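**Q** okay, here's the prediction I keep looking at, along with the sequence it came from:
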Amino acid sequence: MSNQSEADGGLVARVESIASFEHQHTMLSRIQHALHSNPALVPLIVLVLSVAVFGALLGTKFFSSFALTLILQQVAIVGIVGAAQSLVILTAGIDLSVGAIMVLSSVIMGQFTFRLGLPPAVAVACGLAVGTFIGFVNGWLVARIKLPPFIVTLGMWQIALASNFLYSGNETIRAQDIEASAPLLQFFGQSISVGGAVFTYGVIFFILLVLVLAYILRHTAWGRHVYAVGDDPEAAELSGVNTKRILMSVYALSGLICAFAGWALIGRIGSVSPTSGQFSNIESITAVVIGGISLFGGRGSILGMFFGALIVGVFSLGLRLLGADAQWTYLLIGVLIIGAVAVDQWIRKVSA
């Protein structure tokens, strides 16, 4: 009788153990499913925690309308370029030429105005057209010639960078000259005040761009096709998606957005400088990765990139206000990048 009781007790213990494991597995699956369904959730949580920590350490010095809008102004250019980078990475590609396209477009806008004497509106249109064309060439080489995106955009980065210096003669167009005869070039540097907060047109454009792209990617056929191409191009092709056309349109749109970033860059720094935006390539990839967009394509959101850019801005400003060495910013951002990729890999592994 005692042996039977012991056996029953052992059976109950095993059942409870299995039930406990299943409960843990279910909780893990729920967390994974939430992160998989809402890729912007992780960067949003990190952003909220970052703001809370720096707010607790700095108080009103950090929680002021000036400080919070300053973060937006500092990340606007990187965020606009990050939006372009996001589109490419969603297709499982990468664009190393985004920063060079941005700077070359701004140089064309400035040089066409002051060297060729074109009306500023025409010069801006030419800069936007050049950026779009370079992006289209990238897309054509990737989609039609089947060259690796990394190699194509690495080569285009060198070509655009060299063209920038050769055409400009390494000459900077001063802010005073632009303000006197071509204020349209500084349009994105103009600002409006709402209460105590100051928003530049560049910041407003950045926010609107993120919202428009988020809607397009989520609610249009083109957006769904972008995700499909990044997730499984062969399956997308079999389902009737013109993958080549989608890729070329993504790279062309990326080039156009980078050209707008070049225009916004003039407004941000006031001048047209061929040496500006040196680290935009790395900074845009940083915002994308921290924002939870998978480098393997097919998963992520523009809103996540927006949160990722803000995280970088919060860390940069917060540590600066604390008087910390600037290297701590790079160190913590590096940890965030590795952590973001690890989380992405974990989500994909559990999904499988």
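**A** Noted; the coordinates are in hand. Because the structure is a prediction, the values reported are computed rather than measured.
**Q** all the strands of the stretch 51-200 of the chain, in order from the start?
**A** Taking DSSP state E, counting those that start in this stretch to define them, one finds strands in the stretch 51-200 of the chain at 191-194, 197-200.
**Q** contacts for the first one?
**A** So the one you mean is strand 191-194. Strand 191-194 has contacts (Cβ atoms under 8 Å, 6 or more residues apart in numbering) with 198, 199, 200, 201, 204. Heads up, the C-betas are built off the backbone N, CA and C, glycines and all.
**Q** likewise for the last one?
**A** Strand 197-200 is contacted from outside by 65-66, 68-69, 72-73, 76, 188-193, 267-268, using Cβ under 8 Å, 6+ apart.
**Q** that older thread, deepest-packed of the strands of the stretch 51-200 of the chain, please.
**A** Among the strands of the stretch 51-200 of the chain, ranked by average contacts under mean count of other Cβ atoms under 10 Å, first place goes to strand 197-200 (a mean of 17).
**Q** mind listing what that strand pairs with, with the direction of each?
**A** According to DSSP bridges, strand 197-200 forms sheet pairs with strand 191-194 (antiparallel).
**Q** how many residues are close by the closest residue to residue 248 other than its chain neighbours?
**A** Nearest non-adjacent residue to residue 248, counting by Cβ to Cβ, 6 or more residues apart in numbering: residue 139, 3.7 Å away. Using other Cβ atoms under 10 Å, residue 139 has 28 other residues around it.
**Q** wait, doesn't residue 139 sit right on residue 249?
**A** Yes: between residue 139 and residue 249 there is a contact under Cβ atoms under 8 Å: 7.2 Å.
**Q** against residue 107, how distant is the nearest residue to residue 116 once chain neighbours are set aside?
**A** For residue 116, ignoring the flanking residues on the chain, the nearest one in space by Cβ to Cβ, 6+ apart is residue 123 at 7.7 Å. To residue 107, residue 123 is 11 Å away according to Cβ to Cβ, to the nearest Å.
**Q** the two: which is more packed in?
**A** A direct count of neighbours by other Cβ under 10 Å for residue 123 and residue 107 places residue 107 higher, at 27 against 23.
**Q** what sits against the nearest residue to that one once chain neighbours are set aside?
**A** Among residues not flanking residue 107 along the chain, residue 168 sits closest, at 4.8 Å (Cβ to Cβ, 6+ apart). Counting by Cβ under 8 Å, 6+ apart, residue 168 makes contact with 107, 111, 274.
**Q** doesn't the last one belong to a helix?
**A** Right, the one you point to is residue 274. No: counting by DSSP: H, G, I helix; E, B strand; the rest coil, residue 274 falls outside a helix, being coil.
**Q** pLDDT wise, what is the residue nearest to residue 248 at?
**A** On pLDDT, residue 139 comes in at 97.
**Q** how close does it get to residue 149?
**A** In this view, residue 139 and residue 149 are 9 Å apart by Cβ to Cβ.
**Q** which non-adjacent residue is nearest residue 164?
**A** Distances taken as Cβ to Cβ, 6+ apart put residue 104 closest to residue 164, at 4.5 Å, once the chain neighbours are dropped.
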